[in-house]
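K.L.:
Pasting the sequence and the predicted coordinates here, then a few questions.
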Amino acid sequence: MNTEHVLQVTAQTFAQYRDDLITLLIDAVRHGASVGFMDDLDFPQASSYFNEVHAQLEQGSLLLWVLVEDQRVLASVQLALCQKRNGLNRAEVQKLLVLNEVRRRGLGQVLIHALEQGARQQKRGLLHLDTEAGSPAENFYSALGYTRVGELPNYCRSPNGHYSPTAIYYKTLGEPQ
């Protein structure tokens, strides 16, 4: 029987997940995920990106969770902690990725719940995110209690190069501390 585990990745444990995270990112982009990369994303580009992620983990400005099954990363999500003194109550949900072959198993929901728990531990009561307007992600975040506040036209290019609007969402986890 396969058992899934959600783990928070630290700067010290990052190396053991790095290659799987690169594979996960490339898989997501190749299957149309609009997460800041074009469809020509390759291993060196993804590797460079994860060098930045590792640096942010070391700085404490980013938190990262992975969902692992049989020692393989199936999904991940990031939480960027606002570093501005006037915004220490907020954080941005970023790059929720699930391997295409295991989508629709509820892994994204499991990761978002772990992220929200981590945000509370960091005293972050306001989460925000953006996602491609009209994408299935909108229904996903709405079902998890995130509120849509609007959209920005032609905000970003999809992996295939077409500009798309982005929808902005937020969720409050509690009063600012």
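P.N.:
Perfect, thanks for sending it. Numbering: from 1, shown residues only.

K.L.:
what residue is smack in the middle of this protein?
P.N.:
Residue closest to the mean C-alpha point of the chain, counted by Cα atoms, centre = their mean, is Lys95 at 2.6 Å.

K.L.:
Just the buried positions in the longest helix along the chain, please.
P.N.:
For the chain, the helix with the greatest residue count under DSSP state H is helix 43-59. Residues 45-46, 49-50, 53-54, 56-57 are the ones in helix 43-59 that count as buried (16 or more other Cβ atoms under 10 Å). (Glycine included, C-beta is placed from N, CA and C.)

K.L.:
Could you do stretch 75-93 as well?
P.N.:
75-82, 89-93.

K.L.:
likewise stretch 29-41?
P.N.:
Buried residues in stretch 29-41, counted by 16+ other Cβ under 10 Å: 29, 33-35, 37, 41.

K.L.:
Out of those, list just those in helices.
P.N.:
Taking DSSP H, the ones among the buried residues of stretch 29-41 that sit in helices are Val29.

K.L.:
in this protein, which spans are helices?
P.N.:
Under DSSP H, the chain gives helices at 18-30, 43-59, 107-121, 136-143.

K.L.:
between those helices, which gets nearest to Val66?
P.N.:
Val66 lies closest to helix 18-30 among these, at 7.3 Å (Cβ to Cβ).

K.L.:
shaky segments in the protein?
P.N.:
Scanning the chain with the threshold set as pLDDT under 70 gives 1-3, 176-177.

K.L.:
Please repeat the previous calculation with a cut-off of 50.
P.N.:
Along the chain, segments meeting pLDDT under 50 span 1.

K.L.:
count of neighbours near Phe14?
P.N.:
Phe14 has 16 neighbouring residues, counting by other Cβ atoms under 10 Å.

K.L.:
List the contacts of the residue lying closest to Gln109 once chain neighbours are set aside.
P.N.:
Closest residue in space to Gln109, ignoring its immediate chain neighbours: Leu144 at 6.7 Å, by Cβ to Cβ, 6 or more residues apart in numbering. Contact analysis of Leu144 by Cβ atoms under 8 Å, 6 or more residues apart in numbering lists 109, 112, 171.

K.L.:
Appreciated, that's everything.
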